[in-house]
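Peer 1: Okay, predicted coordinates and the sequence, questions at the end:
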There are 2 protein chains.
Amino acid sequence: MEQAILEGVMQLLEDGVPLAELSIERIARTAGVGKATIYRRWSGKEELFVDVLRTAEPPDPELPGTSMRDDLIVILESLRQRGLVSRSSAILHNVYVQMKTSPRIWAAYHAGVVAPRRVLMLDVLRRGQRDGELRPDIDLDLANDMFVGAMLVRTVMRPDGDLPEDLAEHIVDITLEGLRPVSSTVS
Amino acid sequence: MEQAILEGVMQLLEDGVPLAELSIERIARTAGVGKATIYRRWSGKEELFVDVLRTAEPPDPELPGTSMRDDLIVILESLRQRGLVSRSSAILHNVYVQMKTSPRIWAAYHAGVVAPRRVLMLDVLRRGQRDGELRPDIDLDLANDMFVGAMLVRTVMRPDGDLPEDLAEHIVDITLEGLRPVSSTVS
């Protein structure tokens, strides 16, 4: 039942219905259920919509937990995968763009999807700092933005940006090592 | 005359007219000029619109040219300033969001504003690499995304992200130094 509703929304989006015109009533009609059935599961269009996106995106990855570096590579690789999916799926791409024009849906997506990912990332960094993999004096929010920022610039802001297979590992290692020539760190 | 037209567009945006409904005809009427006057200066709505944004944004900075580090700090600081302006100006913020839903305007903004900034940034990095301030083995595109990414995540993607005064300098220095604890770079 839940699956039918989520697929109904995807179908409407594929048919080019703008986000703003997706009402619970129309979704119910498309999925062949009553409005009450939808409201029993979701408190509103925003929450339903966040679940649609969650279903369409690649699932969040299992972290190996072997080291901060390993976990960071898996997290950044999942961002890369999500970028690839968003590029290959015109619907998904279109939905992301429309979502930003709707503050309520954007807030729901942020609370339901983005914020938990950020908590996970900060956990990984905190453990890394405790285990001596990350400078003790670094602000974890800033470390998060540095690792994630380089990947997001490519996947989200530069739709033609190169996304080679080793990009996640490359970003993690270079962010750890720094961009200064090795000789000058010794001096 | 040019100024009156640019201000006319800003006025329409302040009045809440959606980007999609801004026609050359309506802009001409608001500015009190003929359509031909506008077409003599701009080839279309997209190009005019990019100039409106350019006028509303803080101007691109003069680079000191004293070192790569100094230039990078000035560039990142200008991104921070632009982020602050976009947060304090509801119109400008709204326009950025709407722009992304219009592929033609987005492409014009990219070609007219974003791409030249990127060329400038790559020049700074190339000089830095030549002068021994940047690792010789680093890909300049990746270096660009690392410096710029951390700042853009805060200004563009996280509207509540902290933007302290020393953020630009901080990002540049930590990206150069790396996030690995100093002891382990020696081992």
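Peer 2: On my side now, so go ahead.

Peer 1: what about A:Gly32, how many neighbours?
Peer 2: 11 (other C-beta atoms under 10 Å in any protein chain shown). C-betas here are computed from N, CA, C, even on glycine.

Peer 1: Against A:Ser43, how distant is it?
Peer 2: 22 Å (C-beta to C-beta, to the nearest Å).

Peer 1: Longest helix in chain A, please.
Peer 2: If you go by DSSP state H, chain A has its longest helix at helix A:68-88.

Peer 1: Now do that one: distance to the chain's middle.
Peer 2: 9 Å (C-alpha atoms, centre = their mean, to the nearest Å).

Peer 1: Name the residues of the helix or strand just after that helix that come out as buried.
Peer 2: Once the chain leaves helix A:68-88, the next helix or strand it forms, by DSSP states H and E, is helix A:90-99. For helix A:90-99, burial by neighbour count (16 or more other C-beta atoms under 10 Å in any protein chain shown) applies to A:92, A:94-99.

Peer 1: what does stretch A:115-129 give?
Peer 2: In stretch A:115-129, counting by 16+ other C-beta under 10 Å, buried: A:121, A:124-125, A:128-129.

Peer 1: Serialize the buried residues of helix A:90-99 to TSV and add fields for distance to A:Ile5 and pLDDT.
Peer 2: Below are the buried residues of helix A:90-99 laid out as TSV (distance: C-beta to C-beta, whole Å; pLDDT from 0 to 100):
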residue	distance to A:Ile5	pLDDT
A:Leu92	18	78
A:Asn94	20	76
A:Val95	16	79
A:Tyr96	21	79
A:Val97	23	76
A:Gln98	20	76
A:Met99	19	79
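
Peer 1: for those, which one is nearest chain B?
Peer 2: A:Val97 (5.3 Å; C-beta to the nearest C-beta).

Peer 1: Quick check: that closest one vs B:Asn94, distance?
Peer 2: Distance from A:Val97 to B:Asn94, by C-beta to C-beta: 14 Å.

Peer 1: And for A:Phe49?
Peer 2: 21 Å.

Peer 1: that older thread, restrict the buried residues of helix A:90-99 to those near chain B?
Peer 2: Applying C-beta under 8 Å from any C-beta of the partner chain to the buried residues of helix A:90-99, one finds that A:97-98 fall near chain B.

Peer 1: How about the contacts made by A:Ser67?
Peer 2: Each residue near A:Ser67 by C-beta atoms under 8 Å, 6 or more residues apart in numbering or on different chains is listed here: A:128, A:131, A:133.

Peer 1: how big is the angle separating the helix or strand A:Asp145 falls within from helix A:68-88?
Peer 2: For A:Asp145, the host element (DSSP H and E) is helix A:140-152. Relative orientation of helix A:140-152 versus helix A:68-88 (axes from the mean of the first three to the mean of the last three C-alpha atoms, to 10 degrees): 40 degrees.

Peer 1: Which neighbouring elements make contact with whatever helix or strand comes next after helix A:140-152?
Peer 2: Once the chain leaves helix A:140-152, the next helix or strand it forms, by DSSP H and E, is helix A:167-177. For helix A:167-177, the packing partners by 3 or more C-beta pairs under 8 Å, 6 or more residues apart in numbering or on different chains; DSSP states H and E come out as helix A:68-88, helix A:140-152, helix B:140-152.
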